[in-house]
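> Structure of the sequence below:
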Amino acid sequence: MQTLGINPVGTQTNTSDTAINISYDMANGMNMKATIGNAKYDYIDGIDADFGPFQLVSRDDWSEYEQDSVELRLSSAADADVQWTVGAYWDDQMQDIDRLIDLDGSLGGLVGVLNSMGMLPYKTLFTIPPSTLLALPSGGTNPFPFPLGAGAVPGTGPYSNGMVWAPGAPLYMNDSCEVEVAFNTYAGTSLPPCALQNAFNHLTRIGYWTQETDAKAIFGQFTTDISDSVELTMGVRYVRESKHIIAGTCLGADTTGLQNCNPSAFIAGILGASYDTWAHDFVDVPQRDTEHWLPSIQIEKRYGDDHMLYLSFNKGYKSGGFNAADDQNPMFMNVGGQKVPIPSEPDPSFEYDDETSESVEIGGKHTFGDNIQFNWALANANFDNQQVSTFQGTGFVVGNAASSEINTLEIDLIWQATDRLRMTLAAAYLDAKYKEYTTAACTENQVAFFRGAAGAANGYDPQTISTATFGPNVTDPTGKCRIVWNGAGFYAGGNQDLSGADLGVGDYNGSLLIDYNQPLANGMVLFAGVDYNFFDDYGYTGDLDPIDFQEGNARVNARIGITTGNLTALIYGRNITDENIAVGGFDTPLLAGAHSIYMGETRVVGARVTYKF
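Numbering: from 1, shown residues only. Have a look, this model is predicted:
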């Protein structure tokens with residue numbers, strides 16, 4: 001198995017789930033139920049995180065999760081005129097993620113080869129240039145009247161890297177931890193090893209993230225008949241949730257240990273300038289405390305035994321939290337025209353809010369004759385603070401859109417054509433739009449405009465753009481992507497206005513299933529089936545980049561086999577037409593303009609035999 005960082009590429013997961021269910025029937029017909037659960041998992045993970053042709057970025061994760069929960073329910077007797085349920089729920093969760101990002105400045109040794117051929121002036125990408133070293137007040141040049149590295153004076157070499165620096169020369173390509181001895185001996189300093197190292201084969205980010213969640217809820221629901229044909233169900237759930245977080249990232253290098261923090265200003269400068277990565281410790285983040293009242297109501301009208309109409313209203317929510325990105329930026333302040341991090345204060349994007357929703361649905365369930373069932377539903381749902389996931393750096397982060405609205409029409413048709421042939425059609429039409437979303441991620445084309453604005457003199461690096469030189473209101477030519485400034489007034493990314501845009505989920509999707517059964521001799525049954533699953537065009541990135549769209553298509557699955565009840569043997573195929581279908585994607589990090597795609601399952605053909613004891 002390939003290994004790029006510390007862990008093998010891939011994921012190794014261990015899971016454990018335990019549940020205890022207790023049910024007690026009382027003499028008066030009421031029922032008490034208790035459910036006690038424990039779920040936990042741990043995994044180690046290793047990936048090639050730059051997704052490019054060179055060996056540059058690897059990511060290693062070590063994660064643990066555990067959840068304890070208890071639920072109590074008390075229900076009325078089944079024959080009560082008013083049927084009701086009341087209960088309480090408690091949930092405690094802990095999730096811990098330790099992460100190591102290893103940046104290989106040698107590109108797997110390629111940079112050193114090019115240096116030996118005279119094609120590059122340095123041996124690693126992570127090298128402080130001579131001009132920067134000369135500008136430093138101390139530690140960037142040889143301050144002594146004798147050369148360093150030649151061994152002319154005790155404690156000055158020869159050094160393992162073969163470098164020699166004349167008096168006054170910048171300590172260029174100092175990739176070892178040896179010159180500190182000379183400084184401590186002849187300049188009276190007390191520098192630790194590697195303090196003056198300014199060229200690094202490997203730089204690392206060492207991150208930790210621990211979130212604890214405590215949730216409590218009480219709930220109740222009742223159902224009663226208003227008349228012989230009308231039934232009313234009402235319920236409410238009150239939820240209270242608290243989340244506490246500690247998170248941080250420090251920086252390191254291979255010379256002091258990949259997983260050891262190194263306070264070197266050279267490391268901080270390289271990772272800050274090249275990757276917008278800054279050491280931070282968020283240990284005093286205020287606890288998240290949220291609460292929600294979630295009512296629901298449904299009215300059903302029955303027309304005989306074969307037809308029913310219903311109208312329902314529900315409120316729901318999805319829990320907020322804190323992003324687990326190790327390169328989460330802290331806040332910044334402007335000091336002398338330079339952005340300086342505030343390591344203990346997280347940027348607002350570290351936290352995302354609860355998503356809330358309100359939905360209204362009207363629908364029906366119908367039976368025609370003895371062989372057709374037809375169900376339909378027309379629904380409207382409005383979301384506030386909708387949670388949206390966007391790829392950033394080496395992982396996905398969650399943010400909030402202001403609001404969205406989704407209208408849907410769904411149908412299900414089951415036709416028992418004969419005793420042996422059954423056909424099922426399920427289809428949905430969706431009209432899904434952002435009502436307001438001014439903080440979406442910008443597309444690569446939009447960000448390219450800001451790179452161009454930075455100019456060649458600044459290496460086309462948009463992080464050099466500031467309000468001091470461009471003013472506070474900077475957009476791309478479309479006017480939709482606007483620069484976001486950090487606390488120091490420097491470029492901190494861009495926000496795109498997608499208000500009124502489709503959510504990118506496509507206008508329709510559905511499936512057609514055909515199943516056939518033929519009894520054979522000796523109790524055997526031959527069965528066969530075909531599924532046709534179709535969908536409209538959809539986008540698979542949060543920025544709705546038109547490049548990242550999957551055209552409408554379909555997957556076809558098929559199966560044929562024989563069963564005797566206990567024994568089943570079948571041959572199956574999934575995606576038998578071998579369609580290439582993208583199920584996700586993101587802008588490739590470090591390769592401006594490149595896009596990466598997660599492909600869905602291609603053709604799979606197999607056989608399976610099962611026996612039930």
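
> ok, the residue nearest the centre of the chain to Y598 distance?
Closest to where the C-alpha atoms of the chain average out (CA atoms, centre = their mean) is F396, at 3.2 Å. As judged by CB to CB, to the nearest Å, F396 and Y598 stand 12 Å apart. Placement of C-beta: from N, CA and C, glycine included.

> what does D104 give?
Counting by CB to CB, the gap from D104 to Y598 is 24 Å.

> hey, C-alpha coordinates of stretch 510-517 in CSV?
Listed next in CSV are the C-alpha coordinates belonging to stretch 510-517 (Å, rounded to 0.1, in the frame of the first residue of the first chain):
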residue,chain,number,x,y,z
GLY,A,510,-36.5,9.4,-10.9
SER,A,511,-36.4,5.7,-11.4
LEU,A,512,-38.3,3.0,-13.2
LEU,A,513,-38.2,-0.6,-11.8
ILE,A,514,-39.4,-3.7,-13.5
ASP,A,515,-39.5,-7.0,-11.5
TYR,A,516,-40.5,-10.4,-12.8
ASN,A,517,-41.0,-13.7,-10.8
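
> circling back: the residue nearest to the centre of the chain bridge partners, please.
F391 (DSSP bridges).

> Now do the helices in this protein.
Using DSSP state H, the helices of the chain run over 110-116, 130-135, 179-186, 265-275, 444-454, 467-470.

> Which among the ones you listed is found nearest to N385?
Minimum separation from N385 across those (CB to CB) falls at helix 444-454, 24.0 Å.

> Quick one: residues in contact with that closest one.
460-465, 470, 474, 476-478, 480-481, 483, 491, 494, 496, 545, 547, 587, 592-593, 595 (CB atoms under 8 Å, 6 or more residues apart in numbering).

> List buried residues within the residues you listed.
Neighbour-count burial (16 or more other CB atoms under 10 Å) is assigned, among those, to 462-465, 470, 474, 476, 480-481, 483, 491, 494, 496, 545, 587, 595.

> Where does pLDDT dip in the protein?
Low-confidence segments of the chain (pLDDT under 70): 1-4, 393-394.

> Tell me how it divides into domains.
1-123+198-285+320-352, 129-194, 301-316+355-435, 438-497, 508-611 (automatic domain parsing).

> For the ones you listed, give me TSV that also has distance to W293.
Output for those, formatted as TSV (distance: least, CB to CB, whole Å):
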stretch	distance to W293
domain 1-123+198-285+320-352	6
domain 129-194	57
domain 301-316+355-435	8
domain 438-497	27
domain 508-611	30
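
> Among the ones you listed, which comes closest to P295?
That would be domain 1-123+198-285+320-352 among the domains of the chain, by CB to CB, at 4.7 Å.

> gap between the closest one and the chain center?
What separates the centre of domain 1-123+198-285+320-352 from the centre of its chain is 9 Å, taken as CA atoms, centre = their mean, to the nearest Å.

> Also stretch 186-196?
That offset, for stretch 186-196, works out to 43 Å (CA atoms, centre = their mean).

> From the contacts of helix 444-454, which land in strands?
C481, I483, Y491, G494, Q496, D587, H595 (DSSP state E).

> Please report how far the closest residue to the fourth one other than its chain neighbours lies from T478.
The shortest distance from G494 to any non-neighbouring residue, by CB to CB, 6 or more residues apart in numbering, is to C442 (3.9 Å). Here the criterion is CB to CB. By it, C442 lies 10 Å from T478.

> ok, now F266?
From F266 to T478 the distance is 40 Å (CB to CB).

> Run a quick neighbour tally on the nearest residue to K612 once chain neighbours are set aside.
Distance criterion CB to CB, 6+ apart; nearest residue to K612, sequence neighbours excluded, is N566 at 4.9 Å. Residues contacting N566 under the criterion other CB atoms under 10 Å number 9.
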